[in-house]
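Undergrad: predicted structure and sequence below. I'll ask about it afterward.
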2 protein chains.
Amino acid sequence: MTRDSDGLSATEEEIMHATHRALVNSGYAELSISLISDELDKAKSTIYHYYDSKDALLLRFLRFTVNRFEETINTSIGDHPKEDLNHIITTLLPCDLTEEKRQLHSILVTLSPQALEQEVFREQFTEIDARLSTIIEKTVRRGIDANVFRAADPAHVAEYILATIKGTMYSRLTTNREAATVAAKSSLSSYIDSHLIS
Amino acid sequence: MTRDSDGLSATEEEIMHATHRALVNSGYAELSISLISDELDKAKSTIYHYYDSKDALLLRFLRFTVNRFEETINTSIGDHPKEDLNHIITTLLPCDLTEEKRQLHSILVTLSPQALEQEVFREQFTEIDARLSTIIEKTVRRGIDANVFRAADPAHVAEYILATIKGTMYSRLTTNREAATVAAKSSLSSYIDSHLIS
């Protein structure tokens, strides 16, 4: 069976794209295996063959999305590590949260409780964070190599930036403190300017 | 009716303390209104008189805990803003996560999804973040006034530190990336040293 870089078969990849369409067309609250199978134009049993539950599918979908993000970043980043880092941050924490991104980030919040207890969910969350952290780390490392960024531990800086992004993302979705998002983002920029820029 | 600084009646405050005991004795996964009423030594109906559901009670309990934290910080902090800020961060992000703190932080993760859609949950999450942010902001402001910290926007710095703490807290509970917690904490310290310390 042909598998893509995600280790997904062609059918699984179709399921991922159908999930994305269902999410965009119906929103997270309405999302169901039925809606996804309608978008897929295949029986629900096809989906259940691969995923035990809607949550298991959504978790895999999150990782799929992070992988797509990784591919986009890898092809779009160039010789400007500062702009690239800024691009990564803005993609994860856009000034205006589109409805599509809100739905996507909501999946993360909604599935988090399951990662508290269930190892299979923890593993996917671990994988997602590891991928995001690596994307940031590589960009920081390129900046250091190019003397655009000051010497720093790229892995430490990446975990720190990722933690700030995630905290801001969660708070943005679960509170009515929009000014806090703006303040955290602005301080993150000023951290990068003062701590990373030579 | 006498109410404390939380606006809680004596009975509500007893319910909060019973919830804390039940959480410590039984853990979050086992926590139920029955267990809390056992600790309270009153009928379950007493609890339901004040709170519609276990989740509503737990959300109020989280805010109660943040208020206790606020009181402790207010009485324990002194004339050393840098140590005080460090104390606040270490209390929220201890090196060794005790079982009691893990249970407490788990409530935050578990209730987050409800804040996506339900305004009453969003309001409590908003209140909790606002309190935590104010605690940090006051300490940063005292440091600036005492010339221990460099001039900075205390509100911005506070939101930034809080976002980093929250992101690290969530990731710590939902992933198997303990090194990421250590890295994010260490970078937060180095941010404070380089960005805030005169």
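TA: Sure, I can see it.
Undergrad: what about residue A:21, how many residues nearby?
TA: Using other CB atoms under 10 Å in any protein chain shown, residue A:21 has 14 neighbouring residues. In this view, the C-beta of every residue, glycine as well, is placed from N, C-alpha and C.
Undergrad: least trustworthy helix or strand in chain A by mean pLDDT?
TA: Of all helical and strand segments in chain A, the minimum by mean pLDDT, DSSP states H and E falls on helix A:54-76, at a mean of 86.
Undergrad: what's in contact with that helix?
TA: A:5-6, A:8, A:15-16, A:19-20, A:31-33, A:36, A:47, A:50-51, A:84, A:87-88, A:91, A:104, A:107-108, A:110-111, A:114, A:120-121, A:124, A:127-128, A:131-132, A:135 (CB atoms under 8 Å, 6 or more residues apart in numbering or on different chains).
Undergrad: and the residues you listed, which of them are in helices?
TA: A:15-16, A:19-20, A:33, A:36, A:47, A:50, A:84, A:87-88, A:91, A:104, A:107-108, A:110-111, A:114, A:120-121, A:124, A:127-128, A:131-132, A:135 (DSSP state H).
Undergrad: now, which of the residues you listed lie close to chain B?
TA: A:110, A:121 (CB under 8 Å from any CB of the partner chain).
Undergrad: which of the ones in helices among the contacts of helix A:54-76 count as buried?
TA: Neighbour-count burial (16 or more other CB atoms under 10 Å in any protein chain shown) is assigned, among the ones in helices among the contacts of helix A:54-76, to A:15-16, A:19-20, A:33, A:36, A:47, A:84, A:87-88, A:104, A:107-108, A:110-111, A:114, A:121, A:124, A:127-128, A:132, A:135.
Undergrad: flag the shaky bits of chain A, pLDDT-wise.
TA: For chain A, the stretches with pLDDT under 70 are A:1-5, A:198.
Undergrad: and the residue nearest the centre of it?
TA: residue A:66 (4.4 Å; CA atoms, centre = their mean).
Undergrad: and the gap between that one and chain B?
TA: 13 Å (CB to the nearest CB, to the nearest Å).
Undergrad: what's the answer for residue A:126, then?
TA: Plainly put, residue A:126 is 4 Å away from chain B if you go by CB to the nearest CB.
Undergrad: so what's that residue up against?
TA: Per CB under 8 Å, 6+ apart, neighbours of residue A:126: B:175-177.
Undergrad: phi and psi next, for residue A:152.
TA: phi -160, psi 170 (degrees, to the nearest 10).
Undergrad: enumerate every residue touching it.
TA: Going by CB under 8 Å, 6+ apart, the list of residues near residue A:152 reads A:140, A:144, A:195-196.
Undergrad: counting neighbours, which of those comes out on top?
TA: residue A:140 (24 neighbours).
Undergrad: from memory it sits against residue A:150, does it?
TA: No - under the criterion of CB atoms under 8 Å, residue A:140 makes no contact with residue A:150, lying 10.3 Å away.
Undergrad: what residues are shared contacts of these two?
TA: Joint contacts of residue A:140 and residue A:150 (CB under 8 Å, 6+ apart) are residue A:196.
Undergrad: before we move on, the earlier item: where's the residue nearest to the centre of chain A relative to residue A:6, distance?
TA: Shown here: residue A:66 relative to residue A:6, a distance of 10 Å by CB to CB, to the nearest Å.
Undergrad: just residue A:189 next, same as before
TA: For residue A:189 relative to residue A:6 (CB to CB), the value is 32 Å.
Undergrad: cool, residue A:183 as well?
TA: 36 Å.
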